[in-house]
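Chemist: Starting from these lines, generate the structure:
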Amino acid sequence: MKTWVSYLLLGLTLLWCSAGWAETFGVGVILGEPTGLSFKQWVGDHTAIDAAAAWSFGDESAFHVHLDYLIHTEGRADPDIGRVFFYFGIGGRLRAEEDEGRIGARIPVGLDYEFDGSPIEVFFEIAPILDLTPETELRVNGGFGVRYFF
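Modeler: Presented below is the predicted three-dimensional model:
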C-alpha cells in the first residue's frame, strides 16, 4: 500500500508541474503528528489543495496520507515583512497501520506566513479527524512546517 501511495503522489507532482502550475506548487516538510513531506498547490487567489505523505507516531506507528481543500482569508500584509493567512478546509486521510487501515475526514485550520519576495512559506495547523473505518473515532493531528514554492 505504501508503494501505491508513493506512486500516486509522484504522479500528481509531475502532473501539477507539467500543467504549468509550477509557480504555485510548494514542497516542504511538516513536523508533528504526522511528520513527513508536505505539498501545496494554489488553485485560486484564496484556495489551495494541500497534501502530505508522512509517518504517524500516534497510538501505533503508521504511514499517513492526507489531501485537503483549503480556503484562505485575505492575508494581512506588511510590505517589508510578508503576509499572514488564516485558513480552514475539509479533506480526507488514509492511515495504513500494520494490521489495518483507517480512513477519515479532516477539518484542518491553520496559519500560513509568506515571506515578502521569497518563495518560502511557514505554516501551523490543527486538524480534527473523524475516522470512519474500521470504527468511528475522533482524533487530532497537528504540526508546523515549511514549504518552498517553485
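
Chemist: ranges for the strands of the protein?
Modeler: 25-33, 35-42, 47-56, 62-72, 76-78, 82-97, 101-106, 109-115, 120-133, 137-149 (DSSP state E).

Chemist: For residue 76, list each beta-bridge partner.
Modeler: residue 84 (DSSP bridges).

Chemist: re the thing from before, switch the strands of the chain over to TSV; also include mean pLDDT and mean neighbour count.
Modeler: C-beta here means a position set from N, CA and C on the backbone, and glycine is covered the same way. As requested, these are exported to TSV (pLDDT from 0 to 100; neighbours: other Cβ atoms under 10 Å):
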stretch	mean pLDDT	mean neighbour count
strand 25-33	95	18
strand 35-42	95	20
strand 47-56	94	20
strand 62-72	95	20
strand 76-78	72	11
strand 82-97	93	18
strand 101-106	94	17
strand 109-115	93	17
strand 120-133	96	17
strand 137-149	95	17
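
Chemist: Report the contact partners of the residue in the chain sticking out farthest from the centre.
Modeler: No residue in the chain sits farther from the centre than residue 80, which is 27.3 Å out by Cα atoms, centre = their mean. When contacts are counted by Cβ atoms under 8 Å, 6 or more residues apart in numbering, residue 80 touches residue 116.

Chemist: Same check on the one 10 residues further on?
Modeler: Residues near residue 90 by Cβ under 8 Å, 6+ apart: 68-69, 105-107.
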